[in-house]
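Visitor: my questions concern the predicted model and sequence given below.
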Number of protein chains: 2
Amino acid sequence: MTLTDTNSWTGIREVLLRRIHDRIWQPGEQIPHEADLAEEFGCARTTVNRALRDLAENGLVVRKRRAGTRVAVNPPQRATLTIPILREEVETLGQPYRHLILERDLRPLPPRLHGAFQVSLGDDVLFLKTLHFANERPYAFEERYINLEAAPEARGMAFNDISANEWLVHNAPYSHGDLSFFAVSADQTLSGKLDADVGSALFAMERITWAGEQPITHVRLIFAPGYRMRTEI
Amino acid sequence: MTLTDTNSWTGIREVLLRRIHDRIWQPGEQIPHEADLAEEFGCARTTVNRALRDLAENGLVVRKRRAGTRVAVNPPQRATLTIPILREEVETLGQPYRHLILERDLRPLPPRLHGAFQVSLGDDVLFLKTLHFANERPYAFEERYINLEAAPEARGMAFNDISANEWLVHNAPYSHGDLSFFAVSADQTLSGKLDADVGSALFAMERITWAGEQPITHVRLIFAPGYRMRTEI
DNA sequence: TAAGATAATATGCATGCACATATTAACGTG
DNA sequence: CACGTTAATATGTGCATGCATATTATCTTA
């Protein structure tokens, strides 16, 4: 029959998944109760629950108490993407990593960030410009603001040995953040740093992280030409 | 005490999470066994298991049989991003959506796709060029190849009323896919279609989906200037 | 008849138990 | 002492059961 064991929760999940894919259960349609499915598969309701819960987490079915479980009208259309520390990303590619601090100073927060990144008025933040290299070729350019209230030890760090990226991950864990991706055109400055033609299209990422209510850092990463962010769905 | 109930699995998860955030358990460090934690919280091992499993799914701890559970050295650094149907994305912005088929024909698969997108040799695929509008302004430009073996009904579809995007989602569900994001520079053609200056940086996405071993569609979406893909972590 | 109280029901969750499985540590033998 | 075998152990999973909770359907009552 199938490769999958029919009374393991993963096996049951696969069977249910195929029924959805084969449109035996149409989108929006209600599927049998946990108890009925448990009887059909000859297993405990808990096991069916586990399988359905997993499908629900992946957005394939929608579950509501009392209302029952129904096939999602719009299949998942979502992807989990891993955003590794740059050093690890580069090293995974089998290339030696290096980074260089271009600028480092204390300054007031620029006005454009006042909305999203609220630090006490008049307080300086730590500003860093970093260039990341893979195999001695520019890989990404980083501009970062660090809230010294959230990470006071950062004041004494030069970030020459360990990048701010990596240091923060290990020393100022965040609870949540906003992330966005977009494209920018290489201006004169970027072009020089990233070894790109002026005007070439670059992939960019912007991220703000918080620990609870307190902002930790704002970072803008611009990658060298040809960069692709990949994932599987 | 805490807001969270200490013997619900979510409550236990929060307590464990705080211990990780507060670095009571250091990254890489091993944490107590399920059985010990169960005793500490006065609950069943199953409940602790549920909490730990959830943390593991989110990448905060790493679990291995016999070896025990340890705090992940690199916190999650991963984001789930939702890739909505363009029509829905536009309508969510409160703007009227429209699309226009620019080209539609049968042709052999271009050589550059032969590797990733294997269709029977010599078979034609359906090729579509579509322009998507938000509020009558260009929103995204789409180039798509559809494997007619995987979705034979597509042959008879004009895709004027419903976009290929949406039709495929509802009629040829996929099991998995590859997704990548990058930046492209607007050439003469793109510039005209997307109302962008020649040379401006555009955000782009490429996606291949399969149903099992069979490829369904390859699509390349290029967004109008200023597009940002956002998510929360 | 409309609005509110009440019952029925499907999923959600906790428990206690048993067994499976992967991995490590201890052991024994050549 | 090196190497393969065996035992110990932590997590993974399944089962039966009971109660919790959200939501819907039904039944009252004004």
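Guide: Nice, thanks for sending it over. What you are looking at is a predicted structure, and each value in this text was computed from that prediction instead of being measured. Residues are numbered from 1 along each chain as shown, chains lettered A, B, ... in the order given.
Visitor: what are the boundaries of the strands in chain A?
Guide: According to DSSP state E, chain A carries its strands in the segments A:61-64, A:68-71, A:78-82, A:97-108, A:124-134, A:137-146, A:176-185, A:201-211, A:214-223, A:229-232.
Visitor: show me what the third one packs onto, helices and strands only.
Guide: The contact analysis (3 or more C-beta pairs under 8 Å, 6 or more residues apart in numbering or on different chains; DSSP states H and E) places strand A:78-82 against strand A:229-232, strand B:78-82. Just so you know, the C-beta spots here come from the backbone N, C-alpha and C atoms, and that holds for glycine as well.
Visitor: tell me which of those is the most buried.
Guide: Among these, strand B:78-82 has the highest mean neighbour count (mean count of other C-beta atoms under 10 Å in any protein chain shown), at a mean of 16.
Visitor: pull up the pairing partners for the lowest-mean-pLDDT helix or strand in chain A, direction included.
Guide: Every helix and strand in chain A was compared by mean pLDDT, DSSP states H and E; the lowest is strand A:78-82, with a mean of 80. Applying DSSP bridges, strand A:78-82 is found paired with strand B:78-82 (antiparallel).
Visitor: what angle do the partner strand and strand A:201-211 make?
Guide: Interaxial angle, strand B:78-82 versus strand A:201-211 (axes from the mean of the first three to the mean of the last three C-alpha atoms, to 10 degrees): 110 degrees.
Visitor: possible to save the helices and strands packed on strand A:78-82 as JSON lines with distance to DNA strand D?
Guide: JSON lines is the format used below for those (distance: least, C-beta to the nearest atom of the strand, whole Å):
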{"stretch": "strand A:229-232", "distance to DNA strand D": "20"}
{"stretch": "strand B:78-82", "distance to DNA strand D": "18"}
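Visitor: closest to B:R155 out of the ones you listed?
Guide: The closest of these to B:R155 is strand A:229-232. By C-beta to C-beta, the value is 28.7 Å.
Visitor: does chain B sit close to that closest one?
Guide: Yes: with C-beta under 8 Å from any C-beta of the partner chain as the criterion, chain B is reached by strand A:229-232 at A:M229, A:R230, A:T231, A:E232.
Visitor: beta partners of A:A140?
Guide: A:H132, A:F223.
Visitor: how many neighbouring residues does it have?
Guide: The tally of other residues near A:A140 (other C-beta atoms under 10 Å in any protein chain shown) stands at 25.
Visitor: next, work out how far apart it and A:D105 are.
Guide: Using C-beta to C-beta, to the nearest Å, A:A140 is found at 21 Å from A:D105.
Visitor: what do you get for A:R220?
Guide: 17 Å.
Visitor: so for the two, which sits in the more crowded spot?
Guide: In this view A:R220 and A:D105 are compared by other C-beta under 10 Å, and A:R220 has more residues nearby, 16 against 10.
Visitor: what's the more buried one in contact with, if anything?
Guide: A:E142, A:E143, A:R144, A:A204, A:M205, A:E206, A:R207 (C-beta atoms under 8 Å, 6 or more residues apart in numbering or on different chains).
Visitor: A:L102 - nearest residue in space that isn't next to it in sequence?
Guide: Nearest residue to A:L102, sequence neighbours excluded (C-beta to C-beta, 6 or more residues apart in numbering or on different chains): A:K129, at 4.2 Å.
Visitor: returning to that earlier point: neighbour count added to the contacts of A:R220, as TSV?
Guide: Output for the contacts of A:R220, formatted as TSV (neighbours: other C-beta atoms under 10 Å in any protein chain shown):
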residue	neighbour count
A:E142	21
A:E143	16
A:R144	22
A:A204	22
A:M205	20
A:E206	18
A:R207	19
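Visitor: one step back: least reliable of the strands of chain A going by mean pLDDT?
Guide: Among the strands of chain A, strand A:78-82 carries the lowest mean pLDDT, a mean of 80.
Visitor: gap between that one and the chain center?
Guide: Distance of strand A:78-82 from its chain centroid, counting by C-alpha atoms, centre = their mean, to the nearest Å, is 7 Å.
Visitor: ok, stretch A:174-189 next?
Guide: 13 Å.
Visitor: repeat that for stretch A:15-33.
Guide: So, by C-alpha atoms, centre = their mean, the centroid of stretch A:15-33 is 30 Å from its chain's centroid.
Visitor: re the thing from before, among the helices and strands packed on strand A:78-82, which is nearest A:V62?
Guide: It's strand B:78-82; of the helices and strands packed on strand A:78-82, that one is closest to A:V62 (C-beta to C-beta) at 14.8 Å.
Visitor: next, the angle from that closest one to strand B:176-185.
Guide: If you take the same axes, to 10 degrees, strand B:78-82 sits at 90 degrees to strand B:176-185.
Visitor: export strand B:78-82 as PDB, just CAs?
Guide: Extracted in PDB, the C-alpha atoms of strand B:78-82 (Å, rounded to 0.1, in the frame of the first residue of the first chain):
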ATOM      1  CA  ARG B  78      13.700  32.700  10.900                       C
ATOM      2  CA  ALA B  79      10.500  34.300   9.600                       C
ATOM      3  CA  THR B  80       7.400  33.000   8.100                       C
ATOM      4  CA  LEU B  81       6.200  35.100   5.200                       C
ATOM      5  CA  THR B  82       2.900  34.900   3.600                       C
END
